[in-house]
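Student: Generate a structure from the sequence data that follows.
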Amino acid sequence: MSQDTETRALIGLVGLLRLGNCVMGALGVLLAALICAGPEHLLDYTVEVVLS
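Tutor: You can find the predicted model right below:
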């Protein structure tokens, strides 16, 4: 592999890790909202947590 290909592969891997962190963070917010507020208030609590 050339140096350029290795660099691109590393940048792609870092991008995937950052995307994974965003997805896991969003799922964590939804789970916390469900546990704390119950299903009937899920949307309101999720918006409140995201905006805080």
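
Student: and the residue nearest to the spatial centre of the chain, how far is that from residue 7?
Tutor: For the chain, the residue lying nearest the average C-alpha position, counting by Cα atoms, centre = their mean, turns out to be residue 22 (2.0 Å). Noted for residue 22: a distance of 23 Å to residue 7, by Cβ to Cβ, to the nearest Å. Just so you know, the C-beta spots here come from the backbone N, C-alpha and C atoms, and that holds for glycine as well.

Student: what residues are up against residue 34?
Tutor: Each residue near residue 34 by Cβ atoms under 8 Å, 6 or more residues apart in numbering is listed here: residue 42.

Student: Against residue 51, how distant is it?
Tutor: Plainly put, residue 34 is 18 Å away from residue 51 if you go by Cβ to Cβ.

Student: Kindly report the same for residue 16.
Tutor: 28 Å.

Student: Can you pick out the residue with more neighbours from these two?
Tutor: Ranked by neighbour count (other Cβ atoms under 10 Å), residue 16 and residue 51 place residue 16 first, with 10 against 6.
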